[in-house]
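[1] build me a model:
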Amino acid sequence: MSSRLVTAANTSVLMTDRKIASIGRRDDLPMEDLPEDRYNTGFILAPRHDHHFHPIGYAAAVTRLSVKEALDFADLERRIRDAAAGLGPEEVVVGNRLDDESLAERRLPTRFDLDRFLEDRPVLLYRYCGHVAVANSAALALAGVESESGILRETDVQPVANAVGSRQPPLDPTVVRRALAGLASLGLGKITAIVSAGDPIWCEVPNEVETLLAVAAGVPLDFEVLVIASNPAELTAAAERLKQGPSNVSFFGWKDFADGSLGGHTAALYEPFTDRPDTTGTLRLDYQRSVLMGRTCLDLGGTVAIHAIGDLANDRVLDVLEELIEAGGDHKRMRIEHASVLRPDTIARMARLGVTASVQPSFITSEVDWLAKRLGDRSELTYAFARLAEAGVPLVGGSDCPVESPNPWWGIAAAASPGGLGNEKAFGIFGQGSAVGDAANLIVVDRDPLTTPDPAGTRVLAVYRHGEQITAESELPFV
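    Reported below is the predicted structural model:
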């Protein structure tokens, strides 16, 4: 039997045989002849849980071309040309995290711009929201797709993504494993991993389920997996495959999309975008299909999780979830991912149904410069964390990485900000505490996140996984 004591300013934890044996005052815990790690100014916590994370997209952001920092079109051209210089003659350029709001031109490039940047090979750039992409003429021709501007939104991206993906080498499993392992150094111990069982998303990696399974055993995290699947057979096969995976992987449920993003003007709204009065966004929800897939997911023991940003999309998703609940589905296994623009009656309905809101607080800080431009006065309806909590809607928090940084302390700080949830509730939506008998997974941080005025600056001093201190090293971009 192996035991170890970890002591910090707030408490001491005795770990025995990979589990938590005791929690309390150091003087009250049995410690004769035990090894002890002391952090006199640190605080022992349970690792945080990111409830909305795209692990393969994150790995691509680490290992492939990211253009988030491009200043203008000239800088974007340089980055694309530099990336192309290291490729073989048949390979393609795929970039991610394109941010039109941070470019000097304040617009997305078109296919004509990309042709000017590089015309001798296909180029596909994803907007950082993942719901919009821009293709040059060579990429469109490769896919046999016609588009005047080359700007592709929502499901129009997929045919080009599939064609371009066929020219990309697979992600190196060693690199993927290292990137995901590095998340432990941020204090993460568990992620709700969103992966596709069919068409690849973002980075053109075929069969993301198998990609995750191939690397998960070597990663010091637990993965509960939401599967993007297009039909019941695909979802069932993915669920069974995940149940046969390593011990740190579990099937969690089904993920679908009801609309797009505010930044890409594809969130489904009742009224037009303020800066694009020609569109109310894109409602992707197929009601009958969603009910069928939801029932399949529930039969598999999973959670139904549907992406909804706009107010219209949120109401239509609630229609689906209400039908599932009325048919006997457990409301605790129903989630709306993002729940961004919510009218008061929608919040009341969510509370009545007991549907969980899976929110991404970092959106508040990343969208502050342009949200009012998109929505006008309706921006007051966005990211209503305090109103959701007050109404009794269950909340869980995530990052939507690689859309946002995987740093959980940034998300906690955004959720805790004035008018928000406050430190304690913000900390809680990113995971709960540990108890005697739980796996001995702990982190030691440099401040008390429940009282500090600066949770965003929290640093992790040590990480324990199953009772052993680990070293998590990785390139960790945009953290």
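[2] next secondary structure after the top helix by length along the chain?
    What stands out as the longest helix in the chain, according to DSSP state H, is helix 311-326. Moving toward the C-terminus from helix 311-326, the first helix or strand encountered (DSSP states H and E) is strand 334-338.
[3] could you check the pLDDT of residue 63?
    pLDDT, residue 63: 80.
[4] ah, wrong one, I meant residue 474
    pLDDT, residue 474: 55.
[5] and the nearest residue to residue 346 once chain neighbours are set aside, how far from residue 30?
    Closest residue to residue 346 apart from its sequence neighbours, by CB to CB, 6 or more residues apart in numbering: residue 314 at 5.5 Å. Yep, even glycine has a C-beta here, placed from its N, CA and C like the rest. Distance of residue 314 to residue 30, computed by CB to CB, to the nearest Å: 52 Å.
[6] rewinding a little: buried sites along the longest helix of the chain?
    Under the neighbour-count criterion of 16 or more other CB atoms under 10 Å, helix 311-326 has 311-318, 320-322, 324-325 buried.
[7] sorry, back to before: my guess is the residue nearest to residue 346 contacts residue 336, does it?
    Yes: when contacts are counted by CB atoms under 8 Å, residue 314 is listed as touching residue 336 (6.3 Å).
[8] report how many residues lie close to the residue nearest to residue 315 when sequence neighbours are not counted.
    The spatial neighbour of residue 315 that comes closest, neighbours along the chain excluded (CB to CB, 6+ apart), is residue 346 at 5.9 Å. By other CB atoms under 10 Å, 20 other residues sit near residue 346.
[9] spit out the contact partners of residue 346.
    By CB atoms under 8 Å, 6 or more residues apart in numbering, residue 346 lies in contact with 311, 314, 315, 318.
[10] of those, just say which sits nearest to residue 412.
    residue 314 (24.0 Å; CB to CB).
[11] and that closest one, how close does it get to residue 170?
    36 Å.
[12] again with residue 68
    According to CB to CB, residue 68 and residue 170 sit 23 Å apart.
[13] the more surrounded of those two?
    Each of residue 68 and residue 170 has its neighbours counted (other CB under 10 Å); residue 68 has more, 15 against 12.
[14] test my guess that that one contacts residue 99.
    Yes: with contacts counted by CB under 8 Å, residue 68 reaches residue 99, the gap being 5.5 Å.
[15] run through the stretch 351-479 of the chain and note the low-pLDDT ranges.
    Across the stretch 351-479 of the chain, the ranges flagged by pLDDT under 70 are 473-479.
[16] all helices of it, in order?
    Using DSSP state H, counting those that start in this stretch, the helices found in the stretch 351-479 of the chain span residues 362-366, 371-375, 385-391, 408-416, 423-429.
[17] can I get those in a markdown table with distance to residue 50 and mean neighbour count?
    As requested, the helices of the stretch 351-479 of the chain are arranged in a markdown table below (distance: least, CB to CB, whole Å; neighbours: other CB atoms under 10 Å):
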| stretch | distance to residue 50 | mean neighbour count |
| --- | --- | --- |
| helix 362-366 | 11 | 21 |
| helix 371-375 | 23 | 19 |
| helix 385-391 | 16 | 17 |
| helix 408-416 | 6 | 27 |
| helix 423-429 | 11 | 20 |
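[18] between those helices, which one is closest to residue 302.
    The nearest among these, by CB to CB, is helix 423-429 at 21.1 Å.
[19] follow-up on the earlier one: now do the shared contacts for residue 314 and residue 336.
    Shared contacts of residue 314 and residue 336, defined by CB under 8 Å, 6+ apart, are found at residue 308.
[20] now the lowest-mean-pLDDT helix or strand in the chain: how far from the chain's centre is it?
    Every helix and strand of the chain was ranked by mean pLDDT, DSSP states H and E. The lowest is helix 55-63, at a mean of 86. From the chain centre to the centre of helix 55-63 is a distance of 11 Å (CA atoms, centre = their mean, to the nearest Å).
[21] got the phi and psi for residue 45?
    For residue 45, the backbone dihedrals are phi -140, psi 160 (criterion: degrees, to the nearest 10).
[22] beta partners for it?
    residue 443 (DSSP bridges).
[23] quick one: average pLDDT of stretch 266-283?
    Averaging pLDDT along stretch 266-283 yields 97.
[24] output that stretch as CSV - backbone C-alpha positions only.
    C-alpha atoms of stretch 266-283 as CSV (Å, rounded to 0.1, in the frame of the first residue of the first chain):
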residue,chain,number,x,y,z
THR,A,266,-24.7,32.5,-38.9
ALA,A,267,-26.3,32.3,-35.5
ALA,A,268,-30.1,31.8,-36.0
LEU,A,269,-31.9,35.0,-34.8
TYR,A,270,-35.6,36.1,-34.8
GLU,A,271,-34.5,39.5,-36.1
PRO,A,272,-31.7,40.4,-38.6
PHE,A,273,-28.1,41.1,-37.5
THR,A,274,-27.7,44.8,-36.8
ASP,A,275,-24.6,45.0,-39.1
ARG,A,276,-26.1,42.6,-41.7
PRO,A,277,-29.8,43.4,-42.1
ASP,A,278,-30.0,41.0,-45.0
THR,A,279,-29.7,37.9,-42.8
THR,A,280,-31.1,36.4,-39.7
GLY,A,281,-28.4,33.7,-39.7
THR,A,282,-28.7,30.0,-40.5
LEU,A,283,-31.0,27.6,-38.7
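[25] ok, and for that stretch, which residues are buried?
    Buried, per 16+ other CB under 10 Å, within stretch 266-283: 266, 267, 268, 269, 273, 280, 281, 282, 283.
[26] check the offset of that stretch from the chain's centre.
    Between the centre of stretch 266-283 and the centre of its chain there are 24 Å (CA atoms, centre = their mean).
[27] same deal with stretch 358-366?
    Chain-centre distance of stretch 358-366: 11 Å, with CA atoms, centre = their mean.
[28] any regions of the stretch 1-150 of the chain where pLDDT drops low?
    1, 31.
[29] cutoff 90 now
    Residue ranges of the stretch 1-150 of the chain with pLDDT under 90: 1-3, 24-34, 57, 59-66, 86-91, 96-97, 119, 128-130.
[30] what about the strands in it?
    3-8, 12-16, 19-24, 36-39, 43-45, 48-53, 65-66, 93-98, 123-127, 132-135 (DSSP state E, counting those that start in this stretch).
[31] these two touch, right, residue 387 and residue 348?
    No: using CB under 8 Å as the test, residue 387 is too far from residue 348 to be in contact (10.0 Å).
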